[in-house]
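**Student:** Turn this into a structure:
(2 chains, ligands or ions: 1)
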Amino acid sequence: MKIHHHPSDELLLDYASGALGEGWSLAIATHLALCPACRRAVAGMETLGGGFLTSVAPAPIGDDALDIVMARLDAEPQEPAAAPVAEIPRGAEPVLPQPLRGYLGGDAGDLEWRRLGLGAFQVPVAMEDRRTSVRLLRIPAGRPVPEHSHRGLELTLVLRGAFSDATGEYKRGDFQEADDSLEHRPHAAPGEDCICLAVTDAPLRFSSVTARIVQPLLGI
Amino acid sequence: MSSFEPGRTETEQLNQLLLAVAEQRDRQAFRALFGHFAPRLKAFVMSQQADAGTAEEVVQETMVNVWRKAAQFDAAKASASTWVFTIARNMRIDMLRRARRPEPDMNDPAMVSDPEPLAHERISHEQEAERLRAAVAELPAEQQEVLRLVFMEDITHAEAAERLGIPLGTVKSRIRLALKRVRAEVGERE
Ligand SMILES: [Zn+2]
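**Tutor:** Numbers count the residues shown, from 1 in each chain, chains lettered A, B, ... in the order given. From the prediction side, this is the model:
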């Protein structure tokens, strides 16, 4: 599998620093499962984070802080927690990698798909952070992706099949980062239904709560 | 830092201390790690608008997690300071922002594994970390400033643009230029 479309440096940086919200981070983390190159890029950014931690001017720490922590270690199990052991993959490779599969509670075939029109289906992905709207979409082979209005940023990660628009073709693992200025009219490729994860800013009905948070994100 | 041996870099010594905690549950080594990291972690957390009391709690929780998770530290993948940074970052998301951070699962059968490193890429992570940091120190001040804001103040690049009062596009290009230059130093992606 060769991935041609990756998240931007800025988005990976926000994920590496920890500032990126849950919904956007789910799209990045699921792309990372499929993309060793971006895992490596994020690891490099975390090294920069380690550098900033090393070079910060130290702040005085409470006199009793070390004693408190040492006392807490006494309550910890004596044996170190074992490092996770790599499991041997069994059976077919899941369509939905982690962490997405865990959020949905199953793989693509286990889900309750809801009709969306034009033969397309969707499953909403529940988030604790309500500032984004996160959905899994299934578009029939060769058909257009239904009209969807969104403001601001939209992230799309292909998990099965492919879609294409004016900016290129997107297959499993490919990642599209679009703002609302992009008129993309994507179509699913013929041959196989296209399953993709789509993350957008939450709909306007939440605007009273989110405007404050979304505006800096959009840079307006 | 009395347990430090002369003639070794600080990065190597911190890695050795962390490995001693992981493999031997060495409390003396943990005290040395605490002496190095706790005051830096406190400054790190306080730069994110946390008060001193809250910062102290996050530092303590981070250090307890360093002890708890030490066996997961892999010196081939990250240096000690990078690994401690990721623990502190996750603790800050959990304790200060009370949010979730989705992460890939290395044991997932859907995970696409890393390719074998090319011969010229097989430099130690300690060397790589030191080269990256040296490269950051050489960056133009405006590029360093954006990276510092993003990492130290827990804000997105878009919020950094607002903080600096400059267009979003300018922040993006500073980030791209900075990362391009840093990557050229270690022969990373592209
Ligand atoms: Zn990628």
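**Student:** same for the helix or strand of chain B with the lowest mean pLDDT, what does it pack against?
**Tutor:** Sorting the helices and strands of chain B by mean pLDDT, DSSP states H and E puts helix B:125-137 at the bottom, at a mean of 80. When contacts are defined as 3 or more CB pairs under 8 Å, 6 or more residues apart in numbering or on different chains; DSSP states H and E, helix B:125-137 sits against helix A:36-55, helix B:10-24, helix B:80-95, helix B:141-152, helix B:168-186. In this view, the C-beta of every residue, glycine as well, is placed from N, C-alpha and C.
**Student:** Columns mean neighbour count and distance to B:E159 on top of these, output as a markdown table?
**Tutor:** A markdown table is the format used below for the helices and strands packed on helix B:125-137 (neighbours: other CB atoms under 10 Å in any protein chain shown; distance: least, CB to CB, whole Å):
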| stretch | mean neighbour count | distance to B:E159 |
| --- | --- | --- |
| helix A:36-55 | 21 | 17 |
| helix B:10-24 | 20 | 31 |
| helix B:80-95 | 22 | 15 |
| helix B:141-152 | 20 | 8 |
| helix B:168-186 | 18 | 10 |
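**Student:** so which of the ones you listed comes closest to A:G161?
**Tutor:** Across these, A:G161 has its closest neighbour in helix A:36-55 (21.2 Å, CB to CB).
**Student:** Tell me where chain A is predicted with low confidence.
**Tutor:** A:78-91, A:147-150, A:182, A:204-220 (pLDDT under 70).
**Student:** The ion contacts on chain B?
**Tutor:** By CB under 5 Å from the ion, no part of chain B sits against the ion.
**Student:** Tell me how chain B divides into domains.
**Tutor:** Following the assignment in automatic domain parsing, chain B carries domains at B:10-100, B:123-189.
**Student:** quick one on the thing from earlier: now do the least confident helix or strand of chain B: distance to the chain's middle.
**Tutor:** Here helix B:125-137 is found 12 Å from its chain centre; the criterion is CA atoms, centre = their mean, to the nearest Å.
**Student:** Now that helix: buried residues?
**Tutor:** Residues B:H125, B:E126, B:E128, B:A129, B:E130, B:R131, B:L132, B:R133, B:A135, B:V136 are the ones in helix B:125-137 that count as buried (16 or more other CB atoms under 10 Å in any protein chain shown).
**Student:** Count the residues that sit near the closest residue to A:S8 other than its chain neighbours.
**Tutor:** Among residues not flanking A:S8 along the chain, A:E177 sits closest, at 5.8 Å (CB to CB, 6 or more residues apart in numbering or on different chains). Counted with other CB atoms under 10 Å in any protein chain shown, the neighbours of A:E177 add up to 17.
**Student:** neighbouring contacts of the least confident helix or strand of chain B?
**Tutor:** A:44, A:47-48, A:50-51, A:54-55, B:9, B:11-12, B:15, B:75-79, B:81-82, B:144, B:147, B:178, B:181-182, B:184-186 (CB atoms under 8 Å, 6 or more residues apart in numbering or on different chains).
**Student:** returning to what we had before: closest one to A:P94 out of the buried residues of helix B:125-137, please.
**Tutor:** The nearest one, if we look at these relative to A:P94 and count by CB to CB, is B:H125, at 30.6 Å.
**Student:** In contact with residue 62, which residues?
**Tutor:** I went with chain A, as the question did not name one. Per CB under 8 Å, 6+ apart, neighbours of A:G62: B:E56.
**Student:** Let me rephrase: I mean chain B.
**Tutor:** By CB under 8 Å, 6+ apart, the contact set of B:T62 is B:L41, B:V84, B:I87, B:A88, B:M91.
**Student:** Now do the same for A:Q98: helix, strand or coil?
**Tutor:** coil (DSSP: H, G, I helix; E, B strand; the rest coil).
**Student:** Touching, it and B:P109? I think so.
**Tutor:** No. With contact defined as CB atoms under 8 Å, A:Q98 does not reach B:P109; the gap is 9.4 Å.
**Student:** Comparing these two, which residue is more hemmed in?
**Tutor:** A:Q98 (21 against 15).
**Student:** give the contact list for the more buried one.
**Tutor:** A:T30, A:A33, B:P104, B:D105, B:D108, B:A110, B:M111.
**Student:** Export the residues you listed to TSV and append columns for neighbour count and secondary structure.
**Tutor:** Putting these into TSV (neighbours: other CB atoms under 10 Å in any protein chain shown; DSSP: H, G, I helix; E, B strand; the rest coil) gives the following:
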residue	neighbour count	secondary structure
A:T30	26	helix
A:A33	25	helix
B:P104	23	coil
B:D105	16	coil
B:D108	19	coil
B:A110	21	coil
B:M111	21	coil
